Each structure stands twice: as structure tokens, then as C-alpha cells.
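Asks: Any chance you can model this:
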Amino acid sequence: MEIASPCVVSLTWRLADAQGAEIDELSEPVEFFFGGDDLLAKVEEALEGQEVGFETTLHLEPEHAFGDYDSELVFFESRAIFPEGVVEPGMQFEGPPPGAVTPDMPEDAIYTVTEVYPDHVVLDGNHPLAGIALRLALVVRDVREASEAEIEAGSVGSPGLSVLAAATPGPHLH
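Replies: Just a heads-up that it's a prediction; the model follows:
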């Protein structure tokens, strides 16, 4: 079956930065909705019209991947709003954490705790790969028709989707 919207593609890949350092590897195929919200636009462009077995390596500049790094999406919140001993670097919150007092924190961002100090916590609303040029080597493992529910949702909705999901600044990680 030829890849055309709407359909579901199963992919494996190796994702690296521009210097070749591995960021993510998906060795077991994962399904993505083609023609919706599951894949970056440049990935969809490369897959359009292809079939099972197609392999390619893409170079993605930040503007075609997860956007440029925006220092205005870094916020400092009081350590007191977090339960004692619970907050640590790497934790993520969908939207501002409960009790956040910083004005204008985007509600639709995923915030990553980057540093924890005695009096404050640093929250970064940028995608972890923002500002990074990427190399993506991918293989199409399967193509199938999308179900009505998948078409309506514009997504396969697989939990644990890797880094290629949702492509605009402030994306939602699955």
C-alpha cells in the first residue's frame, strides 16, 4: 500500500544530532498516523507516496523539527510549591505545576525541571530537542488503512510515542 493521507505507518528509526551522537533509537516498529498530528511535516513529506521497505535519512534543521530554543520559556518557581523531596531534574509537568505564580506561563507546554535549588526550581517549557539539528534514519515497516477513530482523532494515540510526535514549539510529548 502506498503512503497517502490518511493512513497508519509503522516505523523504526535512529535519531542523532548533527554530529552523529545518538538521541533515540526505535528498533521495534511503532505506528503513527500519517496526515495528522503524529509526525513532523518534513517526515511526512519524505514518506508521501512511499511503500513498505522505504528507507531514508533526513537532515532536519530546528525550524523543521522542534523549533529554536526560546529562553523566554524558562521559568523560576518557588521550591515551596513542590512537595518536599519529590521534585528532581528531568521531571516533567503538562502545563504549569499546581501553585505556580509566574504570570504568562503557557498552559499548553510540557515543562521539564532542569535544576533544583533550595529556594527555587528551574522549569524549561522548550521541547528537549529545541534548537538542535537532527539526523533521522528511518525505515517503513508497515502501512495500513487508518480506522475511523484514528482519522477522527488525527492520531494513532499510542502511549510512549518517541521524539517525532508533535512538531511545533511547545509540543506535547506522548
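
Asks: According to the record, where do the domains of this structure fall?
Replies: Domain segmentation of the chain under automatic domain parsing yields 7-66+129-153, 71-124.

Asks: Out of these, which one sits most buried?
Replies: Burial of these is given as mean neighbour count (mean count of other Cβ atoms under 10 Å); domain 7-66+129-153 ranks first at a mean of 17. All C-beta atoms are positioned from the backbone trio N, CA, C, and that covers glycine.

Asks: Can you get me the start-to-end distance on it?
Replies: End-to-end distance for domain 7-66+129-153: 12 Å, by Cα to Cα, to the nearest Å.

Asks: ok, now stretch 87-107?
Replies: Stretch 87-107 end-to-end distance (Cα to Cα) = 20 Å.

Asks: chain center to it, what's the gap?
Replies: Mean C-alpha position of stretch 87-107 versus that of the full chain (Cα atoms, centre = their mean, to the nearest Å) differs by 18 Å.

Asks: Give me the residues contacting it.
Replies: Stretch 87-107 is contacted from outside by 73, 75-79, 81-82, 108-116, 121, 123, 125, 170, 172-173, using Cβ atoms under 8 Å, 6 or more residues apart in numbering.

Asks: redo that, cut-off 7 Å
Replies: Residues from elsewhere that reach stretch 87-107 (Cβ atoms under 7 Å, 6 or more residues apart in numbering): 75, 77-78, 81-82, 110-116, 121, 125, 170.

Asks: tell me what whatever helix or strand V121 lives in is packed against?
Replies: Under the criterion of DSSP states H and E, V121 resides in strand 120-124. Applying 3 or more Cβ pairs under 7 Å, 6 or more residues apart in numbering; DSSP states H and E, one finds that strand 120-124 makes contact with strand 74-78, strand 110-116.
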